[in-house]
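> With the input below, show me the fold.
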Amino acid sequence: MIIAFQIANTTSDFNYNCFIQLALKYPTQQFIMLHQKNHVVKKEMPSNIKPVKLKYAHNTGVYHSVLNQIQLRAYLKKYKVDYYFSSNESTIPVKGITKIVLIHQTKAIKQKQKFKKTNYADFLIATNETVHDKIIKTIPELKSKVNIIHYGVEKMEALSIEDCTKIKQQFTDEKDFFIAIQKGCSSAQLLMLLKSFSAFKKWQQSNFKLVIYLDEKQLKSSKKLLANYKYRSDVLLINKSEDYTALFGAAYVTLFGGNESSFMEMNQLAFKYKVPMLLPEDEHYHSIAKNAAVYCDLSEKAISDNLILLYKDEALRNSIIDHMKKQSEKIQWEDVSEKLWDWIINKKA
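Numbers count the residues shown, from 1 in each chain. Prediction:
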């Protein structure tokens, strides 16, 4: 059996995590990993996974989208693939191949007409109940095609007090801090975050700091915003992923305001290091993070009020961490991947 799977651009990707696990567990099976040319392929990739670089992306215009489908068909035929797992909301018609589409956002299925692309899929995988129910409600005839396999998380490994202290010494002058993910956000959104932090600082009157994770291209405009900011000495801008990962385990709370791939990566790290999240009030985030977060609308007052709440209500923080532990035990990547494998072997959704 030969399985091809397409990955998105982060190691928090559902297909990436599942099939890495399965390749290690089933070394006699063959896997083809389809990835974009700018994706980093880890050197420790199992030997029964063959990375195949795609030259054209599916979402960069009609011309490239067509070329993307042509190259996909060619690779699927070349490697005599039996199963193809797509990381996009659509797949392509290739005879003799079982095609599976991963759906993890309800926005992909708001209108039946726009969801017709999945007609080419033999099965759909919904990564949470909200998506599953939305698919069936929107297109009832797809009910027999849909299976729920939840998005997984890594095993928890909260940092020791000593390790947290070292990280704070290196980055934040030994001060506690929030970490905010703002990759892809506008200057207006960043300004609102800074105002929210100002309100928190006025109430809390301490040395608490704010670490903001940005894209490289956002740094220049962000530094201008900080030039006259009252609490600029308490704000740290970072754009290196290694700094972001190192800091995460020592963070007090993480705030999200970035793009989708940033959220999935943040969710992984939050569960891994037991860091409570502050997320936008949205059914998509609710369906994935569940009780591992506090939710609010993205307004200056709502953000500052909830930062204060998370700071002063230790019982709330402990409750969130307890929910994280319980949820994490149910959705380890090892278990999630085995459920996916069981589905493949039994050929049923």
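> Flag the shaky bits of the stretch 151-300 of the chain, pLDDT-wise.
Within the stretch 151-300 of the chain, the segments meeting pLDDT under 70 span 258-261.
> which stretches of it form helices?
Ranges of helices in the stretch 151-300 of the chain, per DSSP state H, counting those that start in this stretch, are 161-171, 187-204, 219-226, 241-248, 260-273, 283-289, 300-312.
> Deepest in the core, which of those helices is it.
By mean neighbour count, with neighbours taken as mean count of other CB atoms under 10 Å, helix 260-273 ranks first of those at a mean of 21. For the C-beta atoms, the positions are set from N, CA and C on the backbone; glycine is no exception.
> Show me how far it is from its chain's centre.
Relative to the chain's own centre, helix 260-273 is displaced by 5 Å; criterion: CA atoms, centre = their mean, to the nearest Å.
> which helices and strands sit right next to that helix?
Under the contact criterion of 3 or more CB pairs under 8 Å, 6 or more residues apart in numbering; DSSP states H and E, helix 260-273 touches strand 177-181, helix 241-248, strand 253-256, strand 277-280, helix 283-289, helix 314-330.
> just to revisit the earlier point, between the helices of the stretch 151-300 of the chain, which gets nearest to residue 52?
Checking those against residue 52 by CB to CB gives helix 260-273 as the closest, at 20.7 Å.
> Make JSON lines out of the helices and strands packed on helix 260-273 and add distance to residue 197.
As requested, the helices and strands packed on helix 260-273 are exported to JSON lines (distance: least, CB to CB, whole Å):
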{"stretch": "strand 177-181", "distance to residue 197": "8"}
{"stretch": "helix 241-248", "distance to residue 197": "16"}
{"stretch": "strand 253-256", "distance to residue 197": "9"}
{"stretch": "strand 277-280", "distance to residue 197": "12"}
{"stretch": "helix 283-289", "distance to residue 197": "21"}
{"stretch": "helix 314-330", "distance to residue 197": "19"}
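> looking at these, which is closest to residue 189?
Minimum separation from residue 189 across the helices and strands packed on helix 260-273 (CB to CB) falls at strand 177-181, 10.2 Å.
> related to what we said a few turns ago, and of the helices and strands packed on helix 260-273, who's closest to residue 154?
Comparing those by their distance to residue 154 (CB to CB), the top pick is helix 314-330, with 8.5 Å.
> following the closest one, which helix or strand shows up next?
Per DSSP states H and E, the first helix or strand lying C-terminal to helix 314-330 is helix 333-346.
> about what we covered before: closest one to residue 49 among the helices of the stretch 151-300 of the chain?
helix 260-273 (20.2 Å).
> and the angle from that closest one to helix 161-171?
Per axes from the mean of the first three to the mean of the last three CA atoms, to 10 degrees, the angle that helix 260-273 makes with helix 161-171 is 140 degrees.
> how close does the residue nearest to the spatial centre of the chain sit to residue 162?
Central residue of the chain (CA atoms, centre = their mean): residue 264, 1.0 Å from the mean position. Here residue 264 is placed at a distance of 30 Å from residue 162 (CB to CB, to the nearest Å).
> now the strands for the stretch 1-150 of the chain?
Secondary structure of the stretch 1-150 of the chain (DSSP state E, counting those that start in this stretch): strands at 2-6, 30-36, 49-54, 83-86, 98-103, 123-126, 146-148.
> now these in TSV, with mean pLDDT and distance to residue 24?
Shown next, in TSV, are those (pLDDT from 0 to 100; distance: least, CB to CB, whole Å):
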stretch	mean pLDDT	distance to residue 24
strand 2-6	92	14
strand 30-36	90	11
strand 49-54	90	9
strand 83-86	89	17
strand 98-103	86	21
strand 123-126	87	21
strand 146-148	88	23
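> Adding mean neighbour count, write these out as CSV.
Formatted as CSV, these follow (neighbours: other CB atoms under 10 Å):
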stretch, mean neighbour count
strand 2-6, 23
strand 30-36, 21
strand 49-54, 16
strand 83-86, 24
strand 98-103, 22
strand 123-126, 24
strand 146-148, 17
